[in-house]
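J.: Sharing a model prediction with you, sequence too.
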Amino acid sequence: MKNKNLLYVLLMLLVAFSLTIAACSSNETKQNKAEVAPVNKDIILATTTSTQDSGLLDEIIPAFEKKTGYKVKTISVGTGQALAMGEKGEADVLLVHAPDAEKKVVDSGAAVNRRLVMHNDFILVGPQDDPAGVKSLKTTVDAFKKIAGTEKIFVSRGDDSGTHKMEKSFWKKAAITPKGEWYQETGAGMGQTLKIASEKKGYTLTDRASYLAQKKNLDLDIVLEKEPALLNIYHVVEVNVEKFSKVNKDGAKAFADFMVSDEGQAIIKDFGVSKYGQPLFVPDAGKKVEDLAK
């Protein structure tokens with residue numbers, strides 16, 4: 001009888017000990033969760049319209065929010081406007097594609113930790129019958145010269161976006177100042193500009209992702225592509241909290257870290273494959289820009 005009582009007591013002690021350990025473990029888990037929960041959950045992301053129009057952000061942001069507990073407010077504008085927001089401390093983090101302009105913002109001290117995220121490419125699109133006759137040409141500069149020379153409609157974003165900056169660089173290389181009825185500016189994002197170019201049977205420069213995402217609604221073909229000069233490179237940049245005290249430094253870093261993480265890069269790598277049969281972006285974290293065109 002005594003042995004049975006002793007066994008019962010030992011069993012009760014074991015149960016009590018197990019419950020204590022479980023309670024401690026639960027409290028520790030809750031404490032750890034509290035420690036990693038963001039203090040300021042709200043992040044302002046200023047980014048180009050191409051990341052929005054292509055649908056990439058619809059994949060990236062929910063995954064980031066689920067993983068970290070942050071909430072992202074996206075402001076989708078031209079890269080020039082996104083960089084201007086960074087220069088004024090009106091955003092926490094930037095996802096942009098105008099390398100030269102980005103460097104100036106970083107050099108000014110308004111932004112820090114600029115990191116390579118991904119690339120795709122620009123393409124020149126136009127009417128199927130190619131009225132300017134540029135399909136046989138090898139360079140974008142020659143194509144721009146031909147379009148200007150024949151005064152066929154060219155639709156420009158005209159919004160100081162990364163795409164607009166790239167377009168202007170080609171006009172500069174061609175030694176042409178585009179003007180006249182044939183050159184029309186929309187002052188709008190890539191999606192709207194593609195729609196207008198299609199309606200007017202004109203040419204326009206676009207990133208490949210935006211074009212593929214809207215191709216079914218457009219009467220436009222690719223007339224020139226895969227020239228090294230058409231590389232379209234994206235960086236993520238954190239706005240400098242030392243210059244703008246209201247910036248969510250931790251949130252900006254968390255988003256930037258996610259974009260270059262294995263998980264973020266995997267989302268980028270797979271995005272578009274199931275729908276278009278090809279990825280819309282190439283993940284580039286850890287690479288050197290000079291190696292991208294190789």
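T.: That came through fine.
J.: where do the strands sit along the stretch 151-294 of the chain?
T.: With DSSP state E, counting those that start in this stretch as the criterion, the stretch 151-294 of the chain has strands at 154-156, 183-185, 204-207, 221-224, 231-239, 282-283.
J.: wait, which of those strands is closest to residue 55?
T.: Ranking the strands of the stretch 151-294 of the chain by proximity to residue 55 (CB to CB) places strand 204-207 first, at 12.7 Å. In this view, the C-beta of every residue, glycine as well, is placed from N, C-alpha and C.
J.: so how far is the closest one from its chain's centroid?
T.: Its chain's average C-alpha position is 16 Å from that of strand 204-207, according to CA atoms, centre = their mean, to the nearest Å.
J.: Kindly report the same for stretch 91-99.
T.: 8 Å.
J.: Need the CA coordinates for that stretch. CSV is fine.
T.: Extracted in CSV, the C-alpha atoms of stretch 91-99 (Å, rounded to 0.1, in the frame of the first residue of the first chain):
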residue,chain,number,x,y,z
ALA,A,91,8.8,57.9,-47.1
ASP,A,92,10.6,55.3,-45.1
VAL,A,93,11.9,53.1,-47.9
LEU,A,94,12.2,53.3,-51.7
LEU,A,95,12.1,50.7,-54.4
VAL,A,96,13.2,52.4,-57.6
HIS,A,97,15.0,52.0,-60.9
ALA,A,98,17.0,55.0,-61.9
PRO,A,99,20.6,54.2,-60.8
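J.: Point out where this protein drops to low pLDDT.
T.: Scanning the chain with the threshold set as pLDDT under 70 gives 1-36, 293-294.
J.: can you rerun that using 80?
T.: The chain contains residues with pLDDT under 80 at 1-37, 293-294.
J.: And the helices in it?
T.: For the chain, applying DSSP state H gives helices covering 2-36, 49-53, 56-68, 79-87, 99-107, 140-150, 162-173, 190-200, 208-214, 249-260, 262-270, 273-276.
J.: between the longest strand seen in the chain and helix 262-270, how big is the angle?
T.: Across the chain, the longest stretch assigned as strand under DSSP state E is strand 111-126. When axes from the mean of the first three to the mean of the last three CA atoms, to 10 degrees is applied, the directions of strand 111-126 and helix 262-270 differ by 10 degrees.
J.: Residue 144 contacts residue 170, correct?
T.: Yes: proximity of residue 144 to residue 170 meets the contact threshold set by CB atoms under 8 Å, at 5.1 Å.
J.: got a list of what the residue nearest to residue 230 when sequence neighbours are not counted touches?
T.: Nearest non-adjacent residue to residue 230, counting by CB to CB, 6 or more residues apart in numbering: residue 122, 4.3 Å away. By CB atoms under 8 Å, 6 or more residues apart in numbering, the residues touching residue 122 are 163, 166, 205, 206, 207, 208, 230, 231, 232.
J.: end-to-end on stretch 213-229?
T.: In stretch 213-229, first residue to last residue: 22 Å (CA to CA, to the nearest Å).
J.: picking up where we left off before, who has more neighbours, residue 144 and residue 170?
T.: Remark: of residue 144 and residue 170, residue 144 carries more neighbours, 26 against 21, as counted by other CB atoms under 10 Å.
J.: Provide a list of residues in contact with the more buried one.
T.: Each residue near residue 144 by CB under 8 Å, 6+ apart is listed here: 170, 171, 174, 176.
J.: Most neighbours out of those residues, which is it?
T.: The residue in the contacts of residue 144 with the most neighbours, by other CB under 10 Å, is residue 170 (21 neighbours).
J.: Next one: that residue relative to residue 78, how far apart?
T.: Relative to residue 78, residue 170 is positioned 17 Å away (CB to CB, to the nearest Å).
J.: do residue 179 as well
T.: 21 Å.
J.: Which one's more surrounded, the two?
T.: More crowded of residue 179 and residue 78, by other CB under 10 Å: residue 78, with 26 against 8.
J.: Now the more buried one. Nearest residue, chain neighbours left out?
T.: In this structure, residue 78 finds its nearest non-sequential neighbour in residue 161, 2.9 Å apart by CB to CB, 6+ apart.
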